[in-house]
Each structure stands twice: as structure tokens, then as C-alpha cells.
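Visitor: Give me a model of this one.
(2 chains)
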Amino acid sequence: KQEVTQIPAALSVPEGENLVLNCSFTDSAIYNLQWFRQDPGKGLTSLLLIQSSQREQTSGRLNASLDKSSGRSTLYIAASQPGDSATYLCAVRGNQFYFGTGTSLTVIP
Amino acid sequence: GAVVSQHPSRVICKSGTSVKIECRSLDFQATTMFWYRQFPKQSLMLMATSNEGSKATYEQGVEKDKFLINHASLTLSTLTVTSAHPEDSSFYICSASPETGEVSPLHFGNGTRLTVT
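Guide: Below you'll find the predicted structure:
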């Protein structure tokens, strides 16, 4: 069974810093990987989707990479802002979607 | 585009009653919708896959008679928690995709916080 792990579980950084969130998965036979943001008590907002044939995707200050062979993905956030504070989840799609437990990010003004 | 609406956002009910949660795709048709459950500080757990016009597919360990799913149209799926008990209190989230196929992204509703007293 696919297992998705996110490290660290929690991260606190001062405003303006660049940061990297990590996601690893055990089964490389995936169709795609998706990064989400979840605010407290809310649903998930899709940030970036990387197909299995792609290496990275960029949207604004966000850049996500995918190394399928090693079972890893990173989400890079440039010039972090307090509004980036949220929980970030990665999900891989195999025969179903498998979610990591998330990284709780706090950006301190 | 690709907006998924979930209603209600929050519901409190008494033990033994039933609660219905709606999931709508507002600007696209979805032949398949997914229902998840999330416990505090934990990840999403897939409960079932809802298929338009046919029976839902439930994940192992999910009671189909307790969590009734109906996907009567291409834009609406409902989850009914029957005879709710305090242990059913949780955050329920639905998702759908505007495209079919394994490469399509998921879009989520804002979730429903269920509290059973």
C-alpha cells in the first residue's frame, strides 16, 4: 500500500524566508502528485499538480518538483508571507489518492 | 473554474439522528466524486467513491449502511450519516474532478464539521 510522508510536521519561519516542504512516497507507480493548502476548518485548495512525466511546476512564489524514481517531491515557497500560514498536504494518485499528514507552516511577521 | 460546493459547513445533531451532507460541482460535471473524513491533526481518509447513476464504492472498514451515498446527478452527491453517534463527529470533505482519467486534478469542497452530541 502506498504510504505518503511529509517532513517536517510543523515549521515556523520569519517572514521573507524561503522554505522547502518535503513529501515522500513509497510506490513510484503514480499518475500525478498534487500539493494542497488547508486553512483551519476549511477544505483543500489545490496549489500545484505535477504529472508523473513532469519534473516540476511553478505558480507565482511556489515551485514543486517531482523525482518519481526516488519517491520524493518538494514544495518551495519563496519570500514567505504571514498569509502563507496554513497546513500543506501532498497527495499522490495511484489507484486512488493517498494523502500525507501535512506540514503545518507558520510564517511570523 | 472547477468549483466544488459543500453544504452545510457545520452541523450539530443529537445522537441517533441522521445528517445529510451535499456536495455539488458548480461549473462542471463530475461522474465521480470522493468522500473523505479527516480527524484532528490527521490526514484525509478516503471513505468512498461516489459514481453517478451507480452504487458507491466503499473503502475497507467503512460501513455502507451507516454512510449512505447517493450520486443522482452529474453535479450532486450526498452523504447521509445515519443514526449518528458521537464517534462520527469529524470533518467530512468531498472532492471531484472536471475531467476523467488518472491524470486529472482534484478539487475540494470546504468541508463539513459534524458534531454529534
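
Visitor: I'd like the distance between the nearest residue to B:Val4 once chain neighbours are set aside and A:Ile77.
Guide: In space, and not counting its chain neighbours, B:Val4 is closest to B:Gly109: 4.5 Å by C-beta to C-beta, 6 or more residues apart in numbering or on different chains. (C-beta placed from N, C-alpha, C; glycine too.) Separation of B:Gly109 from A:Ile77 (C-beta to C-beta, to the nearest Å): 25 Å.

Visitor: With B:Ser95 instead?
Guide: With C-beta to C-beta as the criterion, B:Ser95 and A:Ile77 are 23 Å apart.

Visitor: Check B:Glu99 too.
Guide: B:Glu99 is 27 Å from A:Ile77, by C-beta to C-beta.

Visitor: Tell me the pLDDT of B:Gly101.
Guide: Confidence at B:Gly101, expressed as pLDDT, is 63.

Visitor: can you pull the contacts of the residue most central in space within chain B?
Guide: Centroid-nearest residue in chain B, with C-alpha atoms, centre = their mean: B:Trp35, separated by 3.4 Å. Contacts for B:Trp35 (C-beta atoms under 8 Å, 6 or more residues apart in numbering or on different chains) come out as B:23, B:46-50, B:67, B:69, B:77, B:79, B:92-94.

Visitor: switch the cut-off to 10 Å
Guide: Counting by C-beta atoms under 10 Å, 6 or more residues apart in numbering or on different chains, B:Trp35 makes contact with B:21, B:23, B:45-50, B:56, B:58-59, B:62, B:67, B:69, B:77-79, B:92-95, B:109.

Visitor: partners of it in the sheet?
Guide: Beta-bridge partners of B:Trp35, counted by DSSP bridges, are B:Ala48, B:Cys94.

Visitor: Need the nearest residue in space to B:Pro8, chain neighbours excluded.
Guide: Nearest non-adjacent residue to B:Pro8, counting by C-beta to C-beta, 6+ apart: B:Thr112, 6.0 Å away.

Visitor: Can you get me a residue count around the one you found?
Guide: Counted with other C-beta atoms under 10 Å in any protein chain shown, residues neighbouring B:Thr112 total 24.

Visitor: What segments of chain B are strands?
Guide: Under the criterion DSSP state E, chain B contains strands at B:4-7, B:10-13, B:19-25, B:32-38, B:44-51, B:57-58, B:67-73, B:76-81, B:90-96, B:107-108, B:112-116.
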